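Engineer: pasted the sequence and its predicted model underneath.
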Amino acid sequence: MRAILTNVSTGEIAVHEVPPPELQPGGVLVRTHFSVISSGTEKATVQTAERSLAGKAMARPDLVRQVVDYAQAQGIRAAYRKVRSQLEALKPLGYSCSGVVLETGSGATEFSPGDRVACGGAGCANHCEVNFVPRNLVVPVPRTVPLEHAAITTIGAIAMQGVRQGHVSFGETVVVVGAGLVGALTVQLAKAAGCRVVAIDLDPERVRRAIELGAHAAFVADDPRLPERVKEFSRYGADAALITAATRSSAPLEMAAQLLRDRGRVVVVGDVGLDVPRAALYSKELSVTLSRSYGPGRYDPVYEETGIDYPIGYVRWTERRNMEAVLDLMQTGALNVAPLLERECSVEDAAQAYQDLRDGRAYTVLIRYPFPSVSSPLPAPQAVAAPQPRATASLRIGSIGAGSFACGVIFPSLQKTDGVTLEAIASATGIGAESARKAVGFSRALTPHALLSDPNVDAVFILTRHDSHAPYLLEALRQGKPVFVEKPLCSAPEELSAIREAYSKRAAEGKNPFVMVGFNRRFAPLTGRIREFFAGRQEPMLAHIRVNAGYVPRDHWAQQAVGGRIVGEVCHFVDWARSVVGRPLQGVRAAALPDGTRYNRDNLAATLVFEDGSIADLLYLANGDKAVPKESFEVFCEGGIARLEDFRVLELVRNAKRQTSKSPQDKGHRKELELTTSAIRSGRPAPIPFEEICEVAEATFRIEEALREPFFDAVAEAPSPESGVETNLRSADSARSGRVIPPVTLQGG
């Protein structure tokens with residue numbers, strides 16, 4: 001399909017052929033008929049991309065701070081790779097479109113194929129022939145509203161939210177500062193609300209058009225008698241000022257303060273300077289409010305991504321309900337958007353349309369897409385090439401997932417690995433796949449389904465979000481392809497059972513299934529030194545692992561995923577302990593600090609017990625200070641101590657002799673990938689035995705399960721040693737009943 005993308009590094013805009021997006025639960029696939037380029041938001045996005053690296057840094061100091069923090073935690077090299085992968089990316093443009101539903105995912109039952117809809121959201125309602133849009137960002141279009149008009153719905157919702165934030169009432173005078181697209185929509189909405197509307201803009205042509213669109217009065221911003229004119233019109237001064245302009249200057253805010261009556265209201269809708277003129281605001285006791293995009297729900301991943309709506313009794317006007325209201329006004333004729341769609345172009349000419357916006361020759365462009373029948377729902381997928389013989393010892397890799405970790409860590413390592421060819425890349429959006437193809441050097445960009453069945457892909461790397469690992473892994477096993485899956489193996493116990501069953505079935509058929517998980521820390525050089533230091537031990541070990549993981553907001557995707565950070569990251573350290581102890585895991589026990597409203601069970605203590613009596617004590621913390629190194633390991637056994645800090649410094653002590661090693665941070669990614677690809681090419685088993693991978697997954701699920709239950713003091717209820725009942729472990733059932741039961745034996749052990 002065709003998509004309009006911008007190069008983050010250069011700002012260049014071009015039409016690209018990309019794979020279509022994948023249908024996901026909770027949303028719909030929409031074939032786009034029209035999308036709208038607005039002169040405000042999108043123009044600013046492109047201008048930022050066109051700046052030099054220094055200019056980008058000055059424009060986004062918040063991102064610079066994030067890079068500095070990342071470099072301090074992960075090292076300069078890792079930070080450089082991450083920044084470079086972001087700068088080389090292709091990003092979608094657009095956030096307001098209309099079209100026809102092609103397919104519906106589970107949970108989006110209010111829609112059916114063929115429905116006419118309007119869509120919103122950056123990253124969702126893109127300038128693409130086909131978009132996947134979550135259900136709360138899609139609304140049906142009334143039959144009498146043309147789809148080309150409905151394409152402007154999301155931008156109309158921005159204007160509507162601004163009017164709502166102004167709490168305007170019938171008969172009030174409202175000043176709209178900035179008569180561009182959002183301003184022109186605001187003029188009509190305020191008038192529909194029964195207000196007397198004054199439009200102000202620097203451009204005389206926009207002032208004239210504001211009158212045509214229904215403004216009761218309109219003035220040029222540099223009119224020296226502007227305050228007098230507004231007061232004459234309103235008698236007392238304006239009741240509310242809605243600022244829809246876009247400028248770094250605070251001049252619109254200063255102007256609004258002059259035009260408002262005593263205790264008037266300012267609503268900032270556009271991206272303007274906020275150097276508040278205190279004296280002017282104070283003397284009139286003005287209130288200043290910011291309007292956040294389309295309405296309540298914006299930037300809330302629970303609302304936008306998972307489709308959970310706010311109860312209407314508590315939140316009457318969400319972003320979705322604002323979009324519905326905009327379409328209702330179009331249907332009744334109270335909102336006339338036809339004059340605002342001043343120019344139309346085909347998707348092939350979109351790059352020129354952006355140039356016209358830059359040069360001021362247009363301020364709104366409607367992009368038109370071809371309209372094939374719904375009966376042929378998606379653009380024809382790229383034909384799978386016939387199997388081609390591969391060069392001797394060359395492993396053709398296909399990757400599903402093209403995020404920052406994949407592009408910044410995995411792909412650079414694979415590029416340096418002998419005998420590897422980067423054959424195909426896929427992602428849920430399709431755009432990410434094309435971006436990675438160009439930046440990294442994959443031969444082709446495909447959909448995930450096409451990649452998994454492609455005969456020219458010898459091995460599949462699954463580098464997607466955690467909840468998608470199991471479905472892709474199961475399909476790869478069914479296709480008979482070796483699989484490397486980034487941690488975790490899967491997100492839920494039932495998925496683990498399905499993976500075990502599929503693996504066993506392939507093994508029983510003599511197919512030699514290959515499954516490897518990205519537990520890289522066991523392959524770090526300094527981890528190997530620790531294993532060597534304790535080689536041949538005769539006593540149990542005791543390991544202490546402290547992970548200063550840092551705070552992650554509760555609404556971050558890693559927290560929202562099934563199992564959260566426990567399943568998603570704690571598994572790394574369970575595996576590290578398993579690899580150092582070298583014995584099967586036998587049981588687990590865990591407790592977490594009370595979360596309150598800030599944390600999500602990610603301040604926890606877990607105890608792992610191994611078959612030989614070894615114990616690993618794991619602290620995973622979100623409430624620490626990032627100035628302290630993230631990962632610290634201590635191992636005690638037979639009079640020896642190993643201390644490892646952040647995979648940079650290792651101290652080994654025995655018989656009062658101390659060895660200290662310092663090296664650049666190496667968490668084992670390169671070695672892990674070398675061993676994995678070498679094993680696949682030679683037909684050897686995976687570097688980590690499958691049952692050991694499952695054992696670690698099951699132990700992680702047991703930790704996550706234990707944290708759902710209250711923690712009881714085992715000592716108070718401990719039976720006597722003669723009873724033969726061990727008291728150091730407890731299952732979820734024992735936590736519910738308060739009984740002490742024998743340790744949980746893991747299947748993998």
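Structural biologist: Nice, thanks for sending it over.

Engineer: lowest-pLDDT helix or strand in this structure?
Structural biologist: helix 732-737 (a mean of 35; mean pLDDT, DSSP states H and E).

Engineer: remind me which residues of this protein are low pLDDT?
Structural biologist: Along the chain, the parts satisfying pLDDT under 70 run over 40-88, 373-393, 710-749.

Engineer: domains of it?
Structural biologist: 2-152+341-368, 155-290, 395-517, 530-659+688-734 (automatic domain parsing).

Engineer: out of those domains, nearest to residue 317?
Structural biologist: Shortest separation from residue 317 across those is recorded for domain 155-290, at 6.0 Å, computed as CB to CB. (Glycine included, C-beta is placed from N, CA and C.)

Engineer: buried residues, stretch 171-189. List them.
Structural biologist: 172-189 (16 or more other CB atoms under 10 Å).

Engineer: just the CA coordinates of that stretch, formatted as PDB?
Structural biologist: Only the C-alpha atoms of stretch 171-189 are listed here, as PDB (Å, rounded to 0.1, in the frame of the first residue of the first chain):
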ATOM      1  CA  GLY A 171     -25.000  35.300  24.400                       C
ATOM      2  CA  GLU A 172     -21.400  35.600  25.400                       C
ATOM      3  CA  THR A 173     -18.800  37.200  23.200                       C
ATOM      4  CA  VAL A 174     -15.900  34.900  22.100                       C
ATOM      5  CA  VAL A 175     -12.700  36.100  20.500                       C
ATOM      6  CA  VAL A 176     -11.000  33.500  18.300                       C
ATOM      7  CA  VAL A 177      -7.300  34.500  17.900                       C
ATOM      8  CA  GLY A 178      -6.000  32.800  14.800                       C
ATOM      9  CA  ALA A 179      -8.300  32.100  11.900                       C
ATOM     10  CA  GLY A 180      -6.500  29.200  10.300                       C
ATOM     11  CA  LEU A 181      -8.200  25.800   9.900                       C
ATOM     12  CA  VAL A 182      -8.800  25.100  13.700                       C
ATOM     13  CA  GLY A 183      -9.700  28.800  14.100                       C
ATOM     14  CA  ALA A 184     -12.200  28.700  11.300                       C
ATOM     15  CA  LEU A 185     -13.800  25.600  12.800                       C
ATOM     16  CA  THR A 186     -13.900  27.300  16.200                       C
ATOM     17  CA  VAL A 187     -15.700  30.300  14.800                       C
ATOM     18  CA  GLN A 188     -18.500  28.100  13.500                       C
ATOM     19  CA  LEU A 189     -18.700  26.000  16.700                       C
END
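
Engineer: immediately after the helix or strand where residue 504 lies, which helix or strand?
Structural biologist: Using DSSP states H and E, residue 504 falls within helix 493-508. The element immediately downstream of helix 493-508 (helix or strand, assigned by DSSP H and E) is strand 515-517.

Engineer: list the buried ones in the following helix or strand past that next one?
Structural biologist: Going down the chain from strand 515-517, the next helix or strand is helix 525-533, by DSSP H and E. For helix 525-533, a neighbour-count test (16+ other CB under 10 Å) marks 526-527, 530, 533 as buried.

Engineer: that older thread, helices or strands up against the helix holding residue 504?
Structural biologist: Packing contacts for helix 493-508, counted by 3 or more CB pairs under 8 Å, 6 or more residues apart in numbering; DSSP states H and E, involve helix 469-478, helix 690-706.

Engineer: so residue 113 is in which element?
Structural biologist: Residue-wise, residue 113 maps onto no helix or strand under DSSP H and E.

Engineer: all helices for the stretch 551-700 of the chain, in order.
Structural biologist: Applying DSSP state H, counting those that start in this stretch to the stretch 551-700 of the chain gives helices spanning 557-560, 564-565, 571-581, 669-682, 690-706.

Engineer: identify each buried residue in the first one, please.
Structural biologist: Of all the residues in helix 557-560, those buried under the rule 16+ other CB under 10 Å are 558-560.

Engineer: what lines up beside the longest strand anywhere in the chain in the sheet?
Structural biologist: The residue-count maximum for a strand in the chain (DSSP state E) belongs to strand 27-38. Here strand 27-38 is paired, per DSSP bridges, with strand 96-104 (antiparallel), strand 130-134 (antiparallel), strand 364-368 (antiparallel).

Engineer: to residue 585, which of these lies closest?
Structural biologist: Nearest to residue 585 among those is strand 130-134; the distance by CB to CB comes to 38.6 Å.

Engineer: run the chain-centre distance for the closest one.
Structural biologist: With CA atoms, centre = their mean, to the nearest Å as the basis, strand 130-134 stands 15 Å off its chain's centre.

Engineer: restricting to C-alpha, output that strand in CSV.
Structural biologist: Written as CSV, here are the backbone C-alpha positions of strand 130-134 (Å, rounded to 0.1, in the frame of the first residue of the first chain):
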residue,chain,number,x,y,z
VAL,A,130,-5.0,1.3,4.9
ASN,A,131,-4.9,2.1,8.7
PHE,A,132,-5.4,0.1,11.8
VAL,A,133,-7.4,2.3,14.2
PRO,A,134,-8.4,1.4,17.8
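
Engineer: can you give me the buried ones in the very next helix or strand once past it?
Structural biologist: For strand 130-134, the succeeding helix or strand toward the C-terminus, using DSSP H and E, is strand 138-140. Going by neighbour count (16+ other CB under 10 Å), the buried part of strand 138-140 is 138-140.

Engineer: now swap in stretch 96-110 and tell me
Structural biologist: Within stretch 96-110, judged by 16+ other CB under 10 Å, the buried ones are 96-105, 108.

Engineer: quick one, what contacts the residue most central in space within the chain?
Structural biologist: Nearest to the mean C-alpha position of the chain, by CA atoms, centre = their mean, lies residue 557 at 6.3 Å. Counting by CB atoms under 8 Å, 6 or more residues apart in numbering, residue 557 makes contact with 301, 305, 465.

Engineer: on that earlier part again, from the buried residues of helix 525-533, which is closest to residue 511?
Structural biologist: Minimum distance to residue 511 across the buried residues of helix 525-533 is 31.7 Å, recorded for residue 527 (CB to CB).
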